[in-house]
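S.K.: okay, here's the prediction I keep looking at, along with the sequence it came from:
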Amino acid sequence: MKKSAKEFIFINIGLAMVAAGIYFFLIPNDVAAGGVSGLAMVINHYFPIVPIGAFMMIMNVILFIVGIIFIGRDFGVRTIYSSLMLSGMIWFFELLFPLSGPLTGDILLEMIYGIMLAGAGMGMVFLNNASTGGTDIIAKILNKYFQVAIGKGLLMADFLIVSAAGVAFGIQSGLYALLAVIINGFVIDEVIEGLQTNKQVTIIASQVDEICKFIIHDLGRGATLYQARGAYTNESREIIMTIVDRKEFIRLRNYIKSVDQRAFISVSKIHETLGEGFKSLLH
């Protein structure tokens, strides 16, 4: 329950970031950076009577079924929630903060800020087994069945929408949209990789039992012991190996320092950890 509540909070933070990036930076500059939001901008260009947020909501209600079929019920439920919430947030921004034009008049500057904000938010949403709907679902399917990175899968899925944006808003806007989609894909992948990164810690110390107890009881992590023999001293030693997140590593490092200042620690980055205590194998 606690984990689900934490995921729910992060999903909503991510959605707020995506909505802000799209509404305040991309929409005023006609940068249709793919996805249902980009398609909605193209439709709104030809049919101004159709609100962008409302169109996104209708489209996502239809498209979320694909996520349930190919990814699973949990992903589908989270996706329909996320897509409806994102559409509602943009609609809310339209009503509360009506814009008459771009904020600065510098399309490149606003596009970069908009994509960075939206891409980081989408990465948070994907990381919690959800998506914002539309072409995000296609990217998730490509990731699940063909091991294509989500950001790159999204770039592949959004190419047609970007092409339509070029026709609707002109070649300059189309090129900006293509650049936005490329940046978006890389930002999403970097955020997902960065937030999933854990640390594999190898420890050689004299206080093996105390350190193992700290790892197990205080950090709530597991540890593995190896027998090794030093090439220089020819002494047999026990080596501790454990995987922890970034905050836990700081606690572990400080504890080791307090009990054994002569300990040897080596640290490696782990880009994905699956199994008990980490990300579920079912995701």
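M.R.: In hand now; what should we look at? Please read these numbers as outputs of a predicted model, since none were measured by experiment.
S.K.: what is the subsequent helix or strand relative to the longest helix along the chain?
M.R.: Using DSSP state H to define each element, the chain has its longest helix at helix 171-196. Next helix or strand after helix 171-196 toward the C-terminus (DSSP states H and E): strand 198-204.
S.K.: name the residues that touch that following strand?
M.R.: Under the contact criterion Cβ atoms under 8 Å, 6 or more residues apart in numbering, strand 198-204 has outside partners 211, 228, 237, 239-246, 249, 252, 256, 263-270, 273, 278. In this view, the C-beta of every residue, glycine as well, is placed from N, C-alpha and C.
S.K.: so for it, what's the average pLDDT?
M.R.: Strand 198-204 carries an average pLDDT of 93.
S.K.: in that strand, what's buried?
M.R.: Neighbour counts over strand 198-204 (16 or more other Cβ atoms under 10 Å) mark Asn198, Lys199, Val201, Ile203, Ile204 as buried.
S.K.: and what about Gly133, helix, strand or coil?
M.R.: State at Gly133, reduced to three classes by DSSP: H, G, I helix; E, B strand; the rest coil: coil.
S.K.: give me phi/psi at it?
M.R.: Backbone torsions for Gly133, taken as degrees, to the nearest 10, come to phi 90, psi -180.
S.K.: look up how far Val18 lies from it.
M.R.: 11 Å (Cβ to Cβ, to the nearest Å).
S.K.: for the host helix or strand of Lys213, packing partners?
M.R.: For Lys213, the host element (DSSP H and E) is helix 208-213. Where contact means 3 or more Cβ pairs under 8 Å, 6 or more residues apart in numbering; DSSP states H and E, helix 208-213 is packed against strand 236-244, helix 246-259.
S.K.: in a markdown table, list the ones you listed along with distance to Glu110 and mean neighbour count.
M.R.: Shown next, in a markdown table, are the helices and strands packed on helix 208-213 (distance: least, Cβ to Cβ, whole Å; neighbours: other Cβ atoms under 10 Å):
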| stretch | distance to Glu110 | mean neighbour count |
| --- | --- | --- |
| strand 236-244 | 40 | 17 |
| helix 246-259 | 32 | 15 |
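S.K.: out of those, which gets nearest to Phe70?
M.R.: Closest approach to Phe70 among the helices and strands packed on helix 208-213 is made by strand 236-244 (30.6 Å; Cβ to Cβ).
S.K.: quick check: phi and psi on the residue nearest to Lys144 when sequence neighbours are not counted?
M.R.: Once flanking residues are discounted, Lys144 sits nearest to Ile71: 6.3 Å by Cβ to Cβ, 6 or more residues apart in numbering. Backbone torsions of Ile71, given as degrees, to the nearest 10, read phi -110, psi -40.
S.K.: from what I can see Gly185 touches Gly151, true?
M.R.: Yes - with contact defined as Cβ atoms under 8 Å, Gly185 reaches Gly151; the gap is 3.5 Å.
S.K.: give me the common contacts of the two.
M.R.: Gly119.
S.K.: just to revisit the earlier point, and the next element down the chain from the helix holding Lys213?
M.R.: Once the chain leaves helix 208-213, the next helix or strand it forms, by DSSP H and E, is strand 224-229.
S.K.: partner strands of that next one, with direction?
M.R.: Next to strand 224-229 in the sheet, as set by DSSP bridges, lie strand 236-244 (antiparallel).
S.K.: and Leu155, how far is that from Phe169?
M.R.: Distance from Leu155 to Phe169, by Cβ to Cβ: 19 Å.
S.K.: typo on my end, it should be Ala205
M.R.: To Phe169, Ala205 is 62 Å away according to Cβ to Cβ.
S.K.: Ile150 and Phe47, how far apart?
M.R.: From Ile150 across to Phe47, the span is 31 Å (Cβ to Cβ).
S.K.: so for these two, which sits in the more crowded spot?
M.R.: Ile150 (22 against 9; other Cβ atoms under 10 Å).
S.K.: what sits against that one?
M.R.: Contact analysis of Ile150 by Cβ under 8 Å, 6+ apart lists Phe126, Ala139, Lys140, Leu142, Asn143, Ile188, Asp189, Ile192.
S.K.: nothing else from me, thank you.
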